[in-house]
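Asks: pasting the sequence and the predicted model now:
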Amino acid sequence: HLQQLQSLNIGSNNLEGPIHESLDNLSKLESLDLSQNAFEGSLPRSLVELTKLEYLHLDFNKFTGTLPSPLNFLLNRVNVTLAGNLFSGTIPELDGSIVETFNTEYIDWSSNEFVGTIPVVLGELSFLKYLDLSK
């Protein structure tokens, strides 16, 4: 019944648990804000299916694990905020051959537990205006 939904904002509601895999049913979704809740677990694969999604705000939850590789599905968005979670490991590489097609302007992945080096391809995002990977 929500197949036409373009924006979903349920931030700051003290919701908890994993994100349900049925998100991929929201194929017209352009903006998803689940920030400032207590969602946990890893990022669901259903996020990959949201091809129209431009704004993804998952900040200040309890997400864990590593970021999916390759990161293309995350960075093919205008605004991606994953700050204040418990993500760990290295930031995966990107497919550099298609990076010029990304229109990412804002990345805030601060306050997580990332280690290692920053992928060089992040510096090749031509529309990027803000990047925060601080601890």
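Replies: Here it is on my side, so go on. Residues are numbered from 1 along each chain as shown.

Asks: could you report the pLDDT at residue 1?
Replies: Residue 1 carries a pLDDT value of 72.

Asks: and if you look at residue 14?
Replies: For residue 14, pLDDT reads 95.

Asks: show me the contacts for it.
Replies: Contacts for residue 14 (Cβ atoms under 8 Å, 6 or more residues apart in numbering) come out as 37-38. To be clear about C-beta, it is placed using only N, CA and C from the backbone, and glycine gets the same treatment.

Asks: list the contacts of the helix or strand of the chain with the lowest mean pLDDT.
Replies: Among the helical and strand segments of the chain, the one scoring lowest on mean pLDDT, DSSP states H and E is helix 72-75, with a mean of 80. Applying Cβ under 8 Å, 6+ apart, the contact partners of helix 72-75 are 47-48, 56, 67-68, 80, 94-95, 98-99, 102, 104, 107, 125.

Asks: my read is that residue 125 contacts residue 102, right?
Replies: Yes. The pair residue 125 and residue 102 passes the contact test of Cβ atoms under 8 Å, sitting 5.7 Å apart.

Asks: and the contacts of helix 72-75, which are buried?
Replies: Buried members of the contacts of helix 72-75, scored by 16 or more other Cβ atoms under 10 Å, are 47, 56, 67-68, 80, 94, 99, 102, 104, 107, 125.

Asks: mind putting those residues in CSV, pLDDT included?
Replies: Formatted as CSV, these follow (pLDDT from 0 to 100):
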residue, pLDDT
47, 86
56, 94
67, 88
68, 81
80, 93
94, 76
99, 76
102, 84
104, 90
107, 93
125, 88
